[in-house]
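Colleague: here's my sequence, what's the structure:
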Amino acid sequence: QVQLVESGGGLVQAGGSLRLSCVASGFTSNRYTMSWFRQAPGKEREFVAAFRFGGGNIIYADSVKGRFTISRDNGKTAVHLQMNSLKPEDTAVYYCAGGQRLIISSMSDRRHYNDWGQGTQVTVSS
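Modeller: Have a look, this model is predicted:
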């Protein structure tokens, strides 16, 4: 069973930056995809960014394009999410997710992910 552990959340002022990390342990493969989703109070969990290991495919939600960067930690089953120019509307609990054998069109769909982290709070003050 794969376990995902996130770190790096916190409180930051608008315009600031944070870096989230997620490390996977247990069985994974080169067909693994790791992603970030977020959930604000009273809202549904939404897609943020994803990294598909096999092809090196990366996708972002429109709301974070140009501000957030997902990257893989070489040699590890881990990803980072560099978040710049943060806005108050980025405030949410951020969850790391992992899934096997995802196709590119499924990377933003939370239903295709079986592995989830416990979440880390990101709060952006105005």
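Colleague: gap between R31 and G55?
Modeller: Distance of R31 to G55, computed by C-beta to C-beta, to the nearest Å: 10 Å. (Each C-beta comes from the backbone N, C-alpha and C, glycine too.)
Colleague: show me which of the two is the more surrounded one.
Modeller: R31 (13 against 10; other C-beta atoms under 10 Å).
Colleague: please enumerate the strands of this structure.
Modeller: 3-7, 10-13, 18-25, 32-39, 46-52, 57-60, 68-72, 78-83, 92-100, 115-116, 120-125 (DSSP state E).
Colleague: export the ones you listed to a markdown table and tack on mean pLDDT and mean neighbour count?
Modeller: Output for these, formatted as a markdown table (pLDDT from 0 to 100; neighbours: other C-beta atoms under 10 Å):
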| stretch | mean pLDDT | mean neighbour count |
| --- | --- | --- |
| strand 3-7 | 96 | 16 |
| strand 10-13 | 98 | 13 |
| strand 18-25 | 96 | 19 |
| strand 32-39 | 97 | 24 |
| strand 46-52 | 97 | 22 |
| strand 57-60 | 97 | 16 |
| strand 68-72 | 97 | 18 |
| strand 78-83 | 97 | 22 |
| strand 92-100 | 97 | 22 |
| strand 115-116 | 97 | 18 |
| strand 120-125 | 98 | 17 |
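Colleague: ok, which of the ones you listed comes nearest M107?
Modeller: strand 46-52 (4.2 Å; C-beta to C-beta).
Colleague: got a list of contacts for that closest one?
Modeller: 33-39, 57-61, 64, 68, 70-72, 79, 81, 94, 102, 104, 107-110 (C-beta atoms under 8 Å, 6 or more residues apart in numbering).
Colleague: what's in contact with stretch 109-122?
Modeller: 2-10, 12, 18, 20, 22, 24, 33, 35, 37-39, 45, 47, 83, 86, 90-100, 102, 106.
Colleague: how about stretch 89-97?
Modeller: With C-beta under 8 Å, 6+ apart, stretch 89-97 has contacts from 4-6, 9, 20, 22, 34-40, 43, 45, 48, 63-64, 79, 81, 83, 110, 113, 115-117, 119-124.
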